[in-house]
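Enquirer: take this sequence and fold it.
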Amino acid sequence: MNAAPRVLARIAELLAAAAPDERGALWHLAEPGRELDANLVRLPPGAEVGEHQEDVLDVLLVVLAGAGSVRAGDGQVLDLGPGTVLWLPRTSRRALAAGPDGLTYLTAHRRRPGLAIKPPSGAYEGGEGPCMLDRVCPECGRLSQDPAPVFCSRCGERFPER
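Expert: Residues are numbered from 1 along each chain as shown. The predicted structure is shown next:
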């Protein structure tokens, strides 16, 4: 059976339906069997997504509304405005900041591989720390690589204060 193309969302309608102060992921791709992830994210004026690094996936970011900037790991600052298409290559360090009117953007990337339990082997003694719940995004469930995250790098949701 072949899958058929279909409209999943209309961005203007999603933005119109969202409360003016609603922030974080307003929509995400959730179709079963997909090989792609996408998120519609809104950051309020002055909000930031702290510096982080995605080691596995390239991310395409398209600014839909508002303005802001991206600070690259090398200190370079890139201005963002409506219609800007930004490539965030895997392993690049970056931080996003919304301008005075906020920042609304769409991200797309290959679907993240699922978590797997590694088979036992004599050399493997690693694994996750005993408790990393303070690094799990309360909105989308992503584990942050940042030991003290402020905003989720996937959906933009603010982590609870510690």
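
Enquirer: tally of neighbours for residue 135?
Expert: Look at residue 135: counted by other Cβ atoms under 10 Å, it has 18 neighbours. C-beta here means a position set from N, CA and C on the backbone, and glycine is covered the same way.

Enquirer: how about residue 81?
Expert: 13.

Enquirer: need the contact list for it.
Expert: For residue 81, the contacting residues are 63, 67, taking Cβ atoms under 8 Å, 6 or more residues apart in numbering as the criterion.

Enquirer: quick one, strands of the protein?
Expert: In the chain, the strands defined using DSSP state E lie at 24-28, 36-43, 48-53, 59-72, 77-80, 85-88, 93-110.

Enquirer: tell me how far the second one lies from the chain's centre.
Expert: Distance of strand 36-43 from the chain centroid (Cα atoms, centre = their mean, to the nearest Å) equals 6 Å.

Enquirer: go on, the first one?
Expert: The offset between the C-alpha centroid of strand 24-28 and the centroid of the whole chain comes to 9 Å, using Cα atoms, centre = their mean.

Enquirer: who does that strand pair with, and is each partner parallel or antiparallel?
Expert: Taking DSSP bridges as the criterion, strand 24-28 sits next to strand 36-43 (antiparallel) in its sheet.

Enquirer: contact partners of the partner strand?
Expert: Strand 36-43 is contacted by residues 9, 11, 14-15, 18, 22-29, 49, 64, 66, 68, 96, 98, 102-112, 140, 151, 154-156 when judged by Cβ under 8 Å, 6+ apart.

Enquirer: show me which of the residues you listed are buried.
Expert: Buried members of the contacts of strand 36-43, scored by 16 or more other Cβ atoms under 10 Å, are 15, 23-28, 49, 64, 66, 68, 96, 98, 102-107, 109, 140, 151, 154-156.
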